[in-house]
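1. coords please:
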Amino acid sequence: MTINQDYILRVFGLTKSFSGVKALDNVRLDVRQGEVHALMGENGAGKSTFMKLLIGLLKPDSGDISFNGKSLTTSNVREIRAQGMSMIHQEILAVPELTVAQNIFLGREATGGLFSWLDDRKSTKQAGELLEQMGLTIRPTVKMKYLSVAEMQMVEIAKAISTNAKVIIMDEPTSALSTNEVATLFRIIKELTKKGVAILYISHKMDEIFTIADTITVLRDGNYIGTHPATELDATKLITLMVGREIDTLFPVNCRPRGEEILSVKNFGRRGHFTAINFVVHAGEVLGIAGLMGSGRTEIARAIFGLDHISDGEIYIKGKKTTIKSPHDAIRQGIGYVSEDRKKFGFISRLSVRHNITLGSLSSQTKGLFIQPEYEAETAAKMIAELKIKAVNAHQQVIYLSGGNQQKVVIANVLLSRPALIILDEPTRGIDVGAKAEIYKLINQLTTNGIAVVMISSELPEIVGMSDRILVLSKGKQTAMLSRADANPEMIMRYAMQP
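-> The predicted structure is shown next:
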């Protein structure tokens, strides 16, 4: 808030219904120039609908949007962007075969000459200057398909900045970023706010909100709950506003006894990714794996599950040396795996909840050559009840569930193979605090039932709160094995950043 206290964006009485059901009801918002304004709420609170109304993807049923002192009457995305409002979507909207520069200026390409031909050289030069100003080393001539997810996200941010926007909406902008990249993003945000740009920031990560936000507005069930200076709130107060109740203990306490050894790896390595990894996981235990992006966390999980081949080391299941060459081998050995990217690898979006739950265990749903619909429906219904999956019914397409319920469907699918060990890679990524609490309770129940859990997470409070022991990685090497009693976020980061 370095320019002045003038409002750049004002929303009053915004309402939107779908098939008679109100997604937003009389919502308001006041955003000042040069501030970071966080918009918070559980999945289903109406945040996505609200954003789509602001940028013109949807038209409101009633209400008023005032932008830069004028009533915003258009619902045209291009016109709204031209007026100075831009959005960075959680789902990256890149064209893989085009270059970074072409993606940044897509629809706004530089032209020149008598016939206004596209001027790629000019666009590339402008993109290079922009990326350099942002402190990024991404080459403007490289095709988007060759970038990491984190680099693609930075390009999306560059695209928003290139429009000279007065308001930039950021929807979960750090979901694929490492700690260092998050620091770069926050530096960029501070530079933008100094120039008077307002940032409307959406995130489920509490530590980010209290680091970057000046003001916080909360939505719940499509209703406006309140707006507060960030300094007047803490995590407990904010959670209460979001869910309408107090969550006394986000991380459940469990004094479960440690059981038999389920999995051990010795001198485990995959050339170019990780080396000399050694750990043991017991029944009823959560082993957390922590480290910065690129430390080898996911690569270790993939190798254990047979998705990637190892170059060194051994795997033991219940004390017996085992060879795992494929996911089929891993499942037969009692290992389940939930990927960090549930939308890409966890479910088939247009299939029903029922079919997604039973898809991985169809052999147990068949009689002869045919699937038995009655038994499949009974199995799915049982899992829906046990995991408390919230859906209209078992026939609802998974794409229409909240992130937390999608994650439960993926876990249900894995549980039907009756694993002795489940690997959970970023199990709460992109889901709200209420849904996180439910996932934590589910993990707690799994371990109470004697299942061993390996949990990979970028959120240090989650790792510390849920793990019995924590394996810390740095650049593909094992740097520490910490007990719950000894671990804290600062210590984990110290080991995660070792050279």
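
2. Please count neighbours and contacts with C-alpha atoms only from this point.
-> Noted.

3. Please identify the helix or strand for Lys325.
-> Using DSSP states H and E, Lys325 falls within no helix or strand.

4. Leaving out the residues flanking it, which one is nearest to it?
-> Take Lys325 and drop its neighbours on the chain: the residue closest to it by Cα to Cα, 6 or more residues apart in numbering is Gly306, 5.0 Å away.

5. for Ser349, same thing?
-> Ser349's closest residue in space is Ile399 (Cα to Cα, 6+ apart), at 4.7 Å.

6. Thought Arg350 was touching that neighbour, still the case?
-> Yes. Counting by Cα atoms under 8 Å, Ile399 does reach Arg350; the two are 6.4 Å apart.

7. Compare those two (neighbour count), which wins?
-> Ile399 (16 against 13; other Cα atoms under 10 Å).

8. Distance check, that one against Asn405.
-> Using Cα to Cα, to the nearest Å, Ile399 is found at 10 Å from Asn405.

9. now swap in Phe186 and tell me
-> 30 Å.

10. between these two, which one's more packed in?
-> Applying other Cα under 10 Å to Phe186 and Asn405 shows that Asn405 carries more neighbours, namely 24 against 16.

11. quick check, that one in a helix?
-> Yes. Counting by DSSP: H, G, I helix; E, B strand; the rest coil, Asn405 is located in a helix.

12. What confidence value was assigned to Thr249?
-> Per-residue confidence (pLDDT) for Thr249: 66.

13. swap that for Glu132, sorry
-> Taking Glu132 on its own, its pLDDT is 89.

14. Secondary structure element holding it?
-> Counting by DSSP H and E, the element that carries Glu132 is helix 120-133.

15. Quick one: list the elements packing against that helix.
-> Judged by 3 or more Cα pairs under 8 Å, 6 or more residues apart in numbering; DSSP states H and E, the packing partners of helix 120-133 are helix 100-104, helix 149-162.

16. Show me what the first one is packed against.
-> What it means is helix 100-104. Applying 3+ Cα pairs under 8 Å, 6+ apart, we find helix 100-104 packed against helix 120-133, helix 149-162.

17. Could you export those as CSV, including mean neighbour count?
-> What follows is the helices and strands packed on helix 100-104, written out as CSV (neighbours: other Cα atoms under 10 Å):
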stretch, mean neighbour count
helix 120-133, 17
helix 149-162, 22
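
18. Could you measure from Val149 over to Ser175?
-> 10 Å.

19. Equivalent analysis for Ala485, please.
-> In this view, Ala485 and Ser175 are 28 Å apart by Cα to Cα.

20. And the two? Which one has more around it.
-> Using other Cα under 10 Å as the criterion, Ala485 and Ser175 rank with Ser175 on top: 19 against 9.

21. Hmm, the more buried one is touching Thr428, no?
-> No. Taking contacts as Cα under 8 Å, Ser175 lies outside contact range of Thr428: 10.8 Å.

22. next one: phi and psi at Tyr201?
-> phi -110, psi 120 (degrees, to the nearest 10).

23. Just give the closest residue to it, not the sequence neighbours.
-> Once flanking residues are discounted, Tyr201 sits nearest to Ala38: 4.5 Å by Cα to Cα, 6+ apart.

24. quick one: what helix or strand has the one you found in it?
-> Secondary structure from DSSP H and E places Ala38 in strand 36-40.

25. The stretch 51-200 of the chain: strands as residue ranges?
-> Secondary structure of the stretch 51-200 of the chain (DSSP state E, counting those that start in this stretch): strands located at 62-67, 70-71, 85-88, 111-112, 117-118, 167-171, 198-202.

26. Actually, the stretch 201-350 of the chain.
-> Assigned strands in the stretch 201-350 of the chain, in chain order: 215-220, 223-229, 261-270, 274-282, 286-290, 312-317, 320-322, 335-338 (criterion: DSSP E, counting those that start in this stretch).

27. So which bits of the third one are buried?
-> Residues of strand 261-270 classed as buried: Glu261, Ile262, Leu263, Ser264, Val265, Phe268, Gly269, Arg270 (neighbour count, 16 or more other Cα atoms under 10 Å).

28. Quick check: the residue lying closest to the first one once chain neighbours are set aside vs Glu462, distance?
-> The reference is to Glu261. Spatial nearest neighbour of Glu261, excluding adjacent residues (Cα to Cα, 6+ apart): His282 at 4.3 Å. Note on His282: its distance to Glu462, by Cα to Cα, is 20 Å.

29. next one: Tyr201
-> According to Cα to Cα, Tyr201 stands 22 Å off from Glu462.

30. do Ile317 as well
-> With the distance defined as Cα to Cα, Ile317 ends up 27 Å from Glu462.

31. One more: Leu58?
-> To Glu462, Leu58 is 36 Å away according to Cα to Cα.

32. In terms of packing, which of these two has more residues around it?
-> Neighbour count, other Cα under 10 Å: between Leu58 and Glu462, Glu462 has more, with 20 against 16.

33. quick one: which helix or strand includes the more buried one?
-> Assessed by DSSP H and E, Glu462 sits inside helix 460-466.

34. and for that helix, what are the contacting residues?
-> Contacts of helix 460-466 from elsewhere in the structure, counted by Cα atoms under 8 Å, 6 or more residues apart in numbering, are 251-252, 286, 288-290, 440, 455-457, 470, 484, 487-489, 492.

35. C-terminal to that helix, what's the next element?
-> Assignment by DSSP H and E places the next element after helix 460-466 at strand 469-474.

36. Can you give me the domain assignment for the chain?
-> Structural domains assigned to the chain are 7-243, 249-334+419-499, 347-417, following automatic domain parsing.

37. any chance of those in TSV, with distance to Glu340 too?
-> Shown next, in TSV, are these (distance: least, Cα to Cα, whole Å):
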stretch	distance to Glu340
domain 7-243	10
domain 249-334+419-499	5
domain 347-417	10
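
38. out of those domains, nearest to Asp341?
-> Proximity to Asp341, assessed across the domains of the chain by Cα to Cα, is greatest for domain 249-334+419-499 (8.4 Å).

39. Contact partners for Pro419?
-> Each residue near Pro419 by Cα under 8 Å, 6+ apart is listed here: Ile331, Gly334, Ile335, Gly336, Ile451.

40. swap the cut-off to 10 Å and go again
-> Ala330, Ile331, Arg332, Gln333, Gly334, Ile335, Gly336, Tyr337, Ile451, Ala452 (Cα atoms under 10 Å, 6 or more residues apart in numbering).

41. List phi and psi for the closest residue to the fifth one other than its chain neighbours.
-> By the measure of Cα to Cα, 6+ apart, the closest residue to Gly334 outside its immediate chain neighbours is Pro419, 4.3 Å from it. Phi and psi for Pro419, reported as degrees, to the nearest 10, are phi -70, psi 150.

42. separation between Pro419 and Ala101?
-> Applying Cα to Cα to Pro419 and Ala101 gives a distance of 47 Å.

43. before we move on, what about Arg418?
-> Using Cα to Cα, Arg418 is found at 49 Å from Ala101.

44. Neighbour count for these two, which is higher?
-> Neighbours per residue (other Cα under 10 Å) separate Arg418 from Ala101, with Ala101 holding more: 29 against 16.

45. I'd assumed Gly107 was in contact with the more buried one.
-> No. Assessed by Cα atoms under 10 Å, Ala101 is found out of contact with Gly107, at 11.7 Å.
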